[in-house]
Every structure is written in C-alpha cells, then in structure tokens.
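> Model the structure of this input:
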Amino acid sequence: MLLLPRLLRRIVQVGTLELRGPGGFVEVIEGKGDGPRVTITIKDPSLDWKIPLNAELAAAEAYMDGRMEVGPDGATSLMELIFRNKRAFDMSASQVFWRGLGRRLRRFMQHNALTPARRNVRHHYDLGNAFYAKWLDWDMQYSCAYYPTGQETLEEAQTAKKRHIAAKLMLEPGQRVLDIGSGWGGLALYLAAVADVEVVGVTLSEEQLALARRRAEAAGLSDKVRFELRDYREIDARFDRIVSVGMLEHVGIGHLDGYFRTVRRLLAPDGVALVHSISSADPPSTTGPFLRKYIFPGGYAPCLSEATQSVERAGLWSLDSEIWRVHYSRTLRAWLDRFMAVRADIVAMYDERFARMWEFYLAACEAAFLHGSAMVFQLQLGRQRDAVPLHRDYIGEAEARLKVAEQTMLPRLRRATEGLDLAA
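Model (predicted):
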C-alpha cells in the first residue's frame, strides 16, 4: 500500500490510527494530543488508490460493502477520527477538487422541480414504515429533538421539540395550520390534540401519508387533521399558521426563493410561520457525495445566510431566529443506539449492505453535529413586524400551558399509535 498511507499521514493530526492492509501491511500513524484510537483494515487492494481519488464517497462505499472494517466501534470510530481531523481532511487534494466541482454543479444536482422532488422524497421516506418504526420514538419523529437540560430521554426530547414549536406558533383554538412536510403526522396530531387547532399536512411520501391518516383516525382526530399527498407549491389557501420541520433540506438551493415566497403567499396577513431546518455554521457549500448518492438525492441543508436572504427577498419579517447546537448529535446518538439494537432485524428486512449504509449515515451525521459545523436553525416568520410580542417571555408561558394539556392528550395519542400495526 502506497497512496492511502500517504494520504492518512497528512490527515491524522489528532488521535492514533492503525492501518492494516493486504499482504500483512501494518502502519501506525500517531497524531498529537488526546484523540481516538482507531484501527482500519483494508481488504481490497484497489482501495489504496480509490480512497485517495475520492475519499468521502469511496470510503463510505468500502465500508458499506465490507471491503473496509473499522474498530473498535465501526463507523462511529471512523467518523470521530475524520471529524477530529476535519480541516486536514478537507484540505486534501481530492476533497478540494470534488467539493469545488460540487459547488459549481449544485444547482443542477439540487434541481427539485415537482417530478424529481417526488422521486427524491420517495427514495428516502418510502423505505417502509416498519423500518423507521423499529428505531424511532413512538411518535416516529424523524427530526432533531430538543434537550433543554440534556438529561431527557429521546421521547421526552421529541415532545419538548413539539411543545417548543407549538409555543412559538402562538396557537389559538380553531386556527388553521399548514404543516409542510408532515411526515408520519406526529406534529400535526400533537398540535390538533394539545392546542385544539385544525391542521392540513402535506407530504410526497405515500408510505408516510397512509400511516398518518391511520393515526389520525385511530386518535379520533380525522375531523381536525387532514393529510394530503401534495407538493407545497400546489397549495392555494390561506392559513393562520405554517410550520415546516425538516422540509427545507429537500427544497434545493435553486428553489429557496420560491419556497419562502410560497410561505408568504399562504400565510394570513397576521400569521406566523416556523421553519425548522438543518444548517451549517460554514459558508455556502454543497451536499457530500455519499449523502447525495445514497441517502438524500437532491438534498441540501442551506446555511443561515442563504435562508435569510431568501426570506428577505420574499418580503417576510424575521421575527425570531434560534440556533440549536449539539441537540441533533444527542438525537442521532439515540437513533444509532436504537438502530444497532435491532440491527439483525434490519438485515433480515433488507441486507447487510443496507444496514452498514445506515450505520455509516447515522454515525457521520452524529459526528457532524458533535465535532463539525452542522447545526439546526428555527426561523419564526411573519408578514407583519408585530405578529408576535416584542419579548420572548410568551414562549415559556405557552410551553407551561401546553405541558398541562399534554398530560391528558399525549397518553391518548400514544395509545392510539401503539395500537396500530405500523408495518401494515
């Protein structure tokens, strides 16, 4: 082995890497300071040139295929090592080339017109409800949870997320709410049950839609919550409130202006919108090749500057902006732990390569939020500057009221959901 060891000597500046290869090759690379101790075993000789040529994609595929093994903790160990040495990794020749190419082509790669948008969403979300039900919380929340104290369980943190969003929406009984990207319906059902509002949820995933409708019926909320298989651009109605959680990442850089113009068009004059999205503290960039090819085709998490510029061009007021740091790393750690606990079931449902791909994905995302620049923002928007109070005290006050209502309504929602066969 020649090229891969040379690359890794430049990258590993923190931690210790033991590299093993075909023919009994062994090299220990010692970085400075306290860092992870990782062993990488290369089983395919061609990886000596494939990984240096396109490290981010080739290493992911080698891990998925079992041509590269990592110890002591699999993809988690590898991701910690990479992100603890992220600057050196990003400065490697292949990364500079592929990132630069990605930036130049990103509008093409993120072209999410109606037809590709439907196809891209179904690639990820129509893997089957049974798959996600095995490792998500009971409400099937598939976005960043909120850990106010850091001691919450996953279920408590996901409830805290919904409560926090509802509080910032300033909901009143009878209001009409649009949920853009409603997923499996958990947030919409929470808002209807706990805040006594009417909700229209839209999704492009047929699997999610079917389960969301069954959940609404089982909870006795079909008269207050309606789920539709529609793109947000196809909606033509006014709503008192609009909420969008984990949807902006699927819009694409070329459609951000249109997205926020649509939010303004659909929002009542005195309405409030809440947009919750993955983002980055780094300048505008592109989606990595592994995520783009295998996990979220067409996806891109816009940095805050890109989102706020589109908000401004849409003529919306930024009423409040909140940045969540580390919350998603805790969420992803909980997901990964739960995923690994049912890993054998996942392999039986799909295959070993699929399971390794998802291990890699969850571990990479956890490291990005723990050691990298990834974060989450919540933008509270309105058409008028006085759509919300001039202070933030109302958020905590609303959370306290919602928490009381949860004591009655959440057990009912949970019983209704747990009574369903999520695989059906």
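
> Now the residue nearest to the spatial centre of the chain: closest residue in space that isn't a chain neighbour?
Geometric centre of the chain, nearest residue: Ser143, 5.3 Å, by CA atoms, centre = their mean. In this structure, Ser143 finds its nearest non-sequential neighbour in Gly246, 4.0 Å apart by CB to CB, 6 or more residues apart in numbering. (Each C-beta comes from the backbone N, C-alpha and C, glycine too.)

> who are the neighbours in contact with that neighbour?
Taking CB atoms under 8 Å, 6 or more residues apart in numbering, we find Gly246 in contact with Tyr142, Ser143, Cys144, Gly181, Gly183, His276, Ser277, Ile278.

> What of Ala363?
By CB under 8 Å, 6+ apart, the residues touching Ala363 are Gly74, Ala75, Thr76, Leu78, Met79, Leu336.

> surely the fifth one meets Ala364?
Looking back up the chat, that one is Met79. Yes: between Met79 and Ala364 there is a contact under CB atoms under 8 Å: 5.1 Å.

> Which strands border whichever strand or helix holds Ile29, and is each parallel or antiparallel?
Assigned by DSSP states H and E, Ile29 falls within strand 25-30. Sheet pairing for strand 25-30, assigned by DSSP bridges, gives strand 14-21 (antiparallel).

> and for the partner strand, what are the contacting residues?
By CB under 8 Å, 6+ apart, the surrounding residues in contact with strand 14-21 are 1, 4-5, 8, 25-42, 45, 48, 80-81, 84-85.

> Val245 bridge partners, please.
Beta-bridge pairing for Val245 (DSSP bridges): His276.

> Please determine how far it is located from Tyr142.
Going from Val245 to Tyr142 by CB to CB, to the nearest Å gives 9 Å.

> Identify the contacts common to those two.
The overlap between the contact sets of Val245 and Tyr142 (CB under 8 Å, 6+ apart) consists of Gly183.

> more crowded one of these two?
Regarding Val245 and Tyr142, a neighbour count based on other CB atoms under 10 Å identifies Val245 as having more, with 25 against 19.

> excluding its backbone neighbours, what's nearest Thr331?
Among residues not flanking Thr331 along the chain, Ala145 sits closest, at 4.4 Å (CB to CB, 6+ apart).

> contacting residues around that neighbour?
Going by CB under 8 Å, 6+ apart, Ala145 touches Glu152, Leu154, Ala157, Gln158, Ala160, Lys161, His327, Tyr328, Arg330, Thr331, Ala334.

> Pretty sure the second one sits against Arg333.
Right, the one you point to is Leu154. No: Leu154 lies out of contact with Arg333 (CB under 8 Å); the separation is 9.4 Å.

> Neighbour count for those two, which is higher?
Taking neighbours as other CB under 10 Å, Leu154 and Arg333 compare with Leu154 leading, 21 against 17.

> Reduced to three states, what does the closest residue to that one other than its chain neighbours come out as?
Distance criterion CB to CB, 6+ apart; nearest residue to Leu154, sequence neighbours excluded, is Ala334 at 4.2 Å. Following DSSP: H, G, I helix; E, B strand; the rest coil, Ala334 is assigned to helix.

> Repeat that for the one 4 residues further on.
Following three-state DSSP, the label given to Arg338 is helix.

> quick check: longest helix of the chain.
Looking across the chain with DSSP state H, the single longest helix is helix 393-418.

> Write the ChimeraX selection for whichever of the contacts of strand 14-21 are buried.
In ChimeraX, a selection of the buried entries from those looks like this (16 or more other CB atoms under 10 Å):
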select :1,4,5,8,29,31,35,36,38,39,40,42,48,80,81,84,85
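
> Inside helices: which ones of the contacts of strand 14-21?
Those of the contacts of strand 14-21 lying in helices (DSSP H): Leu4, Pro5, Leu8, Asp48, Glu80, Leu81, Arg84.

> now those in a markdown table, with distance to Glu359 and pLDDT?
Shown next, in a markdown table, are the ones in helices among the contacts of strand 14-21 (distance: CB to CB, whole Å; pLDDT from 0 to 100):
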| residue | distance to Glu359 | pLDDT |
| --- | --- | --- |
| Leu4 | 22 | 93 |
| Pro5 | 25 | 90 |
| Leu8 | 21 | 93 |
| Asp48 | 24 | 95 |
| Glu80 | 14 | 93 |
| Leu81 | 15 | 93 |
| Arg84 | 19 | 90 |
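
> For these, give me a markdown table that also has distance to Asn129.
Supplementary listing: the ones in helices among the contacts of strand 14-21 in a markdown table, determined by distance: CB to CB, whole Å:
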| residue | distance to Asn129 |
| --- | --- |
| Leu4 | 41 |
| Pro5 | 45 |
| Leu8 | 41 |
| Asp48 | 42 |
| Glu80 | 32 |
| Leu81 | 35 |
| Arg84 | 36 |
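
> residues touching Glu69, list them.
Applying CB under 8 Å, 6+ apart to Glu69 gives the contacts Ile40, Thr41, Lys43.

> could you redo the last one with a cut-off of 6 Å?
Thr41 (CB atoms under 6 Å, 6 or more residues apart in numbering).

> Helix, strand, or coil at the nearest residue to Pro148 once chain neighbours are set aside?
Excluding its sequence neighbours, the residue lying closest to Pro148 (CB to CB, 6+ apart) is Ala160, at 6.0 Å. At Ala160 the chain is in helix, as set by three-state DSSP.

> how about the strands of the stretch 251-400 of the chain, start to end?
267-280, 317-324, 374-382 (DSSP state E, counting those that start in this stretch).

> could the ones you listed be laid out in JSON lines, adding mean neighbour count, mean pLDDT and distance to Thr16?
JSON lines is the format used below for the strands of the stretch 251-400 of the chain (neighbours: other CB atoms under 10 Å; pLDDT from 0 to 100; distance: least, CB to CB, whole Å):
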{"stretch": "strand 267-280", "mean neighbour count": "21", "mean pLDDT": "97", "distance to Thr16": "29"}
{"stretch": "strand 317-324", "mean neighbour count": "16", "mean pLDDT": "97", "distance to Thr16": "32"}
{"stretch": "strand 374-382", "mean neighbour count": "22", "mean pLDDT": "98", "distance to Thr16": "25"}
